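Student: Build me a model:
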Amino acid sequence: MFENQKDQMEILLKSNDDFRRLYNHHQALEKRVIAAENGTAPMEDLALNQMKREKLKAKDQLTRIMDQADSVV
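Tutor: Residues are numbered from 1 along each chain as shown. The predicted structure follows:
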């Protein structure tokens, strides 16, 4: 995620508590989604789809924060 913006992401992880919290939440969701898709942590399709939507919402929020930080610089 955000491979082409690693420097900016690192700065925000260190300086922005909201960004760091949201990033960690996204990472935790990512691990749960992968585990569910691999079958190591089975869950119902509805729950998996809800988790994927929550993960996407978190990513959208992270992108918005990064875009706002870009416009400030």
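Student: contacting residues around residue 8?
Tutor: 2, 66, 69, 70 (Cβ atoms under 8 Å, 6 or more residues apart in numbering). Every residue, glycine included, has its C-beta placed from N, CA and C.
Student: ranges for the helices of this structure?
Tutor: 6-15, 17-38, 45-72 (DSSP state H).
Student: elements contacting the second one?
Tutor: Identification of packing neighbours for helix 17-38 by 3 or more Cβ pairs under 8 Å, 6 or more residues apart in numbering; DSSP states H and E yields helix 6-15, helix 45-72.
Student: Could you dump those helices into a markdown table and include mean pLDDT and distance to residue 32?
Tutor: Listed next are the helices and strands packed on helix 17-38 as a markdown table, based on pLDDT from 0 to 100; distance: least, Cβ to Cβ, whole Å:
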| stretch | mean pLDDT | distance to residue 32 |
| --- | --- | --- |
| helix 6-15 | 93 | 21 |
| helix 45-72 | 93 | 6 |
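Student: Switch those over to JSON lines; also include distance to residue 25.
Tutor: Output for the helices and strands packed on helix 17-38, formatted as JSON lines (distance: least, Cβ to Cβ, whole Å):
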{"stretch": "helix 6-15", "distance to residue 25": "13"}
{"stretch": "helix 45-72", "distance to residue 25": "6"}
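Student: For the spatially most central residue of the chain, report the pLDDT, please.
Tutor: Central residue check for the chain by Cα atoms, centre = their mean: the C-alpha nearest the mean position is that of residue 26, 3.0 Å away. Looking at residue 26, its pLDDT stands at 97.
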